[in-house]
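> pasting the structure only:
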């Protein structure tokens, strides 16, 4: 979520701002081991480039150990993660890109795959999984997803790419 909020925050600035901001954030790329260092890096970006673009961060109370990020102008917390995910995924009609994650990300993949499987929200929405090794070997969701897709319409709307830079091209192919 931080990446999406950072992208919205950076929107009013020239492209060089994002490169510089990412260098500052790389000092503490995670809230582990130090939430203070992580937050300090984010607030350094906000101080250097005030008045960024607005966005909404939507974390879940259940995951209290995962703090909201400093780039969201507004926070809308849900009490139930399933409700949050269903609402977000229902609005993601241009597609969803899944980066390497753990249990929550696997859950989100299949929360998105279910309406695609049944076509309950209309035409299946694109799904792009990033990092072939992660989704094929570490947590082999790709094999299950492709088996589930079978000969259904969703089979032509899923992709596995190795690098994030390839995700936008995969989404563009789905639009053709």
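Cool, the structure landed. A quick note: this is a predicted structure, and the numbers were derived from the prediction, not measured.
> Please count neighbours and contacts with C-alpha atoms only from this point.
Will do.
> Not counting sequence-adjacent ones, nearest residue to residue 105?
Nearest residue to residue 105, sequence neighbours excluded (Cα to Cα, 6 or more residues apart in numbering): residue 98, at 7.2 Å.
> Could you report the neighbour count for that neighbour?
Counted with other Cα atoms under 10 Å, the neighbours of residue 98 add up to 19.
> who's in contact with it?
For residue 98, the residues meeting the contact criterion (Cα atoms under 8 Å, 6 or more residues apart in numbering) are 105, 109, 127, 128, 129, 130.
> Pipe those into CSV and attach neighbour count per row.
Putting the contacts of residue 98 into CSV (neighbours: other Cα atoms under 10 Å) gives the following:
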residue, neighbour count
105, 13
109, 21
127, 26
128, 22
129, 24
130, 21
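> Closest one to residue 175 out of those, please.
For those, the residue nearest residue 175 by Cα to Cα is residue 127; the value is 12.1 Å.
> give me every residue that touches the residue nearest to residue 43 when sequence neighbours are not counted.
In this structure, residue 43 finds its nearest non-sequential neighbour in residue 70, 6.8 Å apart by Cα to Cα, 6+ apart. Contacts of residue 70 were listed using Cα under 8 Å, 6+ apart, and they are 39, 42, 43.
> try residue 131
Neighbouring residues of residue 131 by Cα under 8 Å, 6+ apart: 99, 100, 160, 161, 162, 163, 164.
> Can you classify the residue nearest to residue 43 by secondary structure?
For residue 70, the assignment made with DSSP: H, G, I helix; E, B strand; the rest coil gives coil.
> distance of it from residue 48?
In this structure, residue 70 and residue 48 are separated by 13 Å, where distance is defined by Cα to Cα, to the nearest Å.
> can you give me the strands in the chain?
In the chain, strands defined by DSSP state E lie at 56-57, 74-75, 96-98, 127-130, 158-161, listed in chain order.
> Make TSV from those and add distance to residue 113 and mean pLDDT to it.
Shown next, in TSV, are the strands of the chain (distance: least, Cα to Cα, whole Å; pLDDT from 0 to 100):
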stretch	distance to residue 113	mean pLDDT
strand 56-57	23	89
strand 74-75	27	90
strand 96-98	11	95
strand 127-130	8	97
strand 158-161	9	98
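> I'd guessed residue 157 sits against residue 125; true?
Yes: when contacts are counted by Cα atoms under 8 Å, residue 157 is listed as touching residue 125 (6.6 Å).
> Those two: who's more crowded?
Here residue 157 and residue 125 are set side by side on neighbour count (other Cα under 10 Å), and the busier one is residue 125, at 25 against 21.
> Tell me which residues touch the more buried one, please.
Contacts for residue 125 (Cα under 8 Å, 6+ apart) come out as 92, 93, 94, 95, 96, 116, 154, 157.
> Swap in 7 Å and give it another go.
Taking Cα atoms under 7 Å, 6 or more residues apart in numbering as the criterion, residue 125 is in contact with 93, 94, 95, 116, 157.
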